[in-house]
Structure formats: C-alpha cells, structure tokens
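**Q** A structural model of the following input is requested.
(one chain, ligands or ions: 2)
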Amino acid sequence: MDHFKEPRSRIPDSIMPVFGFSEADYRSITAYLSSRKTAPTFKNGEEIYKGLCVRCHGDKGDGKGVTYLYLDPAPRDLTKASFMNSKPDERFLKSLKEGVPGTSMPPWERVLSEDQRKEVLAYVFQNFVKEPRQPLKERKVPETNPVAFSPESVSAGEHIFLDRCTGCHGRKADGKGPNSLDISPRPRNLRNSAFINNASDKRLFTSITYGVEGTAMPSWTDYGLTQQDIGNLINFIRSLNRKPAPTPPDEKSPKLTSQLRVSK
Ligand code: HEC
Ligand code: HEC
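**A** Ligands and ions are numbered 1, 2, ... in the order given. Predicted coordinates:
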C-alpha cells in the first residue's frame with residue numbers, strides 16, 4: 001500500500017503517479033489487488049505443458065495445437081524422435097529460455113524458472129519423444145565460418161544455391177520452392193532475418209553439412225559439397241539478411257529545429 005500511495009517510496013525511479021485517493025479507497029483498492037492471483041503456479045511439467053504449450057504444440061505434442069494453421073513456421077512436432085534426439089538439451093533449454101527468434105516460439109524466461117523449463121522439457125521427452133535419449137553423434141564443424149565474407153564468396157555461394165537448394169528453398173530462398181508443399185516441416189525461409197541473424201555459423205554449418213534429422217533437409221557432404229562450398233553458401237545466406245548500412249546523414253537537410261533559418 002505504501003507503494004501505491006507514494007510509488008517512489010518503494011521504487012525510486014517509479015513513474016507511477018501519486019493518486020489523490022482517500023485512505024479508505026487506498027485500502028479497498030489494495031485489498032482488491034492483493035486478492036488477485038499473481039503468476040500462475042504449476043505443480044509439474046505436465047501442468048506447465050497443458051497450461052502454456054498445448055495451444056501450439058497440441059495435446060499429443062505433434063505440433064497441431066489449435067493455432068498451428070496460422071503459424072509460419074509451424075510449431076515443432078515434438079513426437080519426432082529422430083529430430084528431438086539429434087539435438088542436445090542445451091539447444092532446447094536455450095529455445096525455451098529465449099524463444100526461437102523469427103518464429104512464434106516465445107521466450108519463457110520471465111514465466112518459468114530454470115527448473116520449470118527443465119521439468120517441461122523432461123515431460124516432452126517422456127510423453128512425446130518416448131524413445132530414450134541417444135548419445136549425440138560427434139560432429140566436426142567450425143565455430144565460425146572459415147570462409148571470409150566477400151563478394152566472390154557470396155557469388156560462389158549463390159551459384160551453388162541456385163544449382164542445389166531452390167527445389168525446396170525456392171529461387172528467392174524464401175522457403176517456397178516447387179517441392180516445398182509436400183514437405184513437413186516446411187523448408188526454412190532463409191530470408192527470415194530474425195532467425196538467420198540469430199543462428200550461429202556453427203548451427204548453419206552443422207545443418208548444411210549433416211542435414212537436419214527428422215526433416216527433408218539433406219546432408220550436403222553426402223552430395224559432395226566441401227567445407228569451402230558450405231562456407232560460401234553461408235556467406236550467400238547471410239548476404240540476404242544483412243542489416244542495411246546506416247544511411248549517411250543528409251548534409252542538405254537541417255538536423256535540429258534550432259538550425260533552421262527562419263525566413264520571412
Ligand atoms: C505460440 C506458439 C507456441 C507456444 C505457446 C509454444 N511453442 Fe514451442 N515452438 C513453436 C514454434 C513455431 C516452434 C518452431 C521454431 C522453429 O521454427 O525452429 C517451436 C519450437 C519448440 C521446440 C524446439 C526448439 C528448437 O530449438 O528447435 C521445443 C522443444 C518447444 N517448442 C517446446 C515448447 C514448450 C515446452 C512450450 C511451452 C512451455 C512451447 N514450446 C510453447 C511455437 C510455440
Ligand atoms: C529436399 C528439400 C531441401 C533441400 C534440397 C534443401 N533443404 Fe535446407 N531445409 C529443408 C527443410 C525441410 C528445412 C527445415 C528443417 C527444420 O525444420 O529444422 C531446411 C532447413 C535449412 C536451413 C536451416 C537449418 C537450421 O539449423 O535451422 C538451412 C541453413 C538450409 N536448409 C540450407 C540449405 C542449403 C544451403 C541447401 C542447398 C545446398 C538446402 N538447404 C537444400 C529442406 C531442404
């Protein structure tokens with residue numbers, strides 16, 4: 001109630017105004033607000049899943065919650081063991097904490113504690129993935145793209161892309177190639193900058209080199225691409241998602257009102 005009467009007594013830089021209510025009004029509003037439930041409480045992973053995840057991932061975990069037709073990319077099918085068992089817990093825990101940028105998978109950091117995020121992931125593995133967690137295959141991929149970003153590399157990457165990748169990802173790399181309609185999950189839109197700019201070189205290298213298990217994305221070393229080719233492809237994909245260079249200040253237009261010369 002002190003906070004309410006005089007916000008800065010509790011939160012020094014509060015911008016909440018001081019209301020001129022009577023003592024009785026303060027007391028009844030405070031009683032009302034404290035009777036409201038604050039955050040929802042969950043007993044276990046199942047309650048978390050049912051409370052927060054079902055609407056997108058569905059009660060069977062197959063990614064077909066009530067919202068799925070409206071979401072692009074679609075919610076992940078959590079029953080697909082080949083996919084789920086090809087990624088480490090750290091990857092999923094990061095996605096649960098921070099969300100998956102460029103998709104509707106929300107960040108749960110402010111809603112669920114770290115333990116709760118682990119509980120709901122354990123629930124997903126027990127009830128949807130079902131197969132025991134597999135030891136991950138050892139994979140050799142560079143942490144960062146060893147091929148320097150240059151116009152030559154981008155153009156070499158574009159060349160390979162147009163040759164190999166457009167059937168699924170489309171000539172515009174927007175994920176809408178001629179074969180994309182029959183594929184689930186759909187090919188990734190490689191112009192989704194929020195997604196691409198948040199995906200590490202290591203992740204892109206892993207996915208292009210080894211494919212994405214449980215999806216149609218193939219392993220490109222199986223099709224003869226070299227590390228140099230994959231580096232060029234990543235530079236090409238990054239070139240589609242470059243943040244525009246800041247526009248140089250326009251010398252002719254005045255920047256501040258004070259610089260305006262008043263003409264009569
Ligand atoms: C508003 C819809 C929505 C809700 C709610 C939601 N998800 Fe997701 N989730 C998605 C989408 C979309 C993806 C696919 C992201 C992508 O394209 O990689 C996803 C991906 C995932 C993945 C895979 C992440 C990865 O790194 O590949 C896991 C695991 C997951 N969700 C679990 C959950 C759990 C557990 C909850 C509840 C706490 C939840 N999701 C709630 C939409 C949602
Ligand atoms: C047969 C169809 C198909 C072809 C051909 C294909 N892709 Fe994919 N690709 C997919 C699908 C499907 C996904 C989505 C996987 C998922 O749901 O995580 C994907 C995902 C990706 C991703 C995102 C990986 C990640 O970690 O999320 C990249 C990058 C990518 N593809 C690049 C390429 C490149 C480069 C080529 C050509 C050398 C290529 N793809 C060819 C189907 C294809």
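**Q** for the rest of this, base every contact and every neighbour count on C-alpha atoms.
**A** Noted.
**Q** give me the neighbour count for Arg91.
**A** The number of residues packed near Arg91 is 10, by other CA atoms under 10 Å.
**Q** excluding its backbone neighbours, what's nearest Cys56?
**A** Spatial nearest neighbour of Cys56, excluding adjacent residues (CA to CA, 6 or more residues apart in numbering): Gly65 at 4.3 Å.
**Q** am I right that that neighbour is in contact with Leu52?
**A** No. Between Gly65 and Leu52 there is no contact under CA atoms under 8 Å: 11.2 Å.
**Q** who has more neighbours, these two?
**A** Gly65 (18 against 13).
**Q** to what extent is the one residue in the stretch 1-150 of the chain that gets nearest to ligand 2 buried, counted in neighbours?
**A** Going by CA to the nearest ligand atom, ligand 2 is nearest to Arg76 of the stretch 1-150 of the chain, at 7.5 Å. For Arg76, the count of nearby residues is 19 (other CA under 10 Å).
**Q** with ligand 1 as the reference, measure out to Ile183.
**A** 14 Å (CA to the nearest ligand atom, to the nearest Å).
**Q** residue contacts, the residue in the stretch 151-264 of the chain that ligand 1 sits nearest to?
**A** Residue nearest to ligand 1 within the stretch 151-264 of the chain (CA to the nearest ligand atom): Arg188, separated by 7.7 Å. Neighbour list for Arg188: Pro73, His169, Asp174, Gly175 [criterion: CA atoms under 8 Å, 6 or more residues apart in numbering].
**Q** closest one of these to ligand 2?
**A** His169 (6.1 Å).
**Q** follow-up on the earlier one: if we check ligand 1, which of the contacts of Arg188 are in contact?
**A** Pro73 (CA under 6 Å from any ligand atom).
**Q** dump the contacts of Arg188 into TSV; add secondary structure, pLDDT and neighbour count as well.
**A** TSV is the format used below for the contacts of Arg188 (DSSP: H, G, I helix; E, B strand; the rest coil; pLDDT from 0 to 100; neighbours: other CA atoms under 10 Å):
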residue	secondary structure	pLDDT	neighbour count
Pro73	coil	96	17
His169	helix	98	24
Asp174	coil	97	16
Gly175	coil	97	23
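**Q** turn the contacts of Arg188 into JSON lines, columns for distance to Ala81.
**A** Converted to JSON lines, the contacts of Arg188 look like this (distance: CA to CA, whole Å):
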{"residue": "Pro73", "distance to Ala81": "19"}
{"residue": "His169", "distance to Ala81": "24"}
{"residue": "Asp174", "distance to Ala81": "27"}
{"residue": "Gly175", "distance to Ala81": "24"}
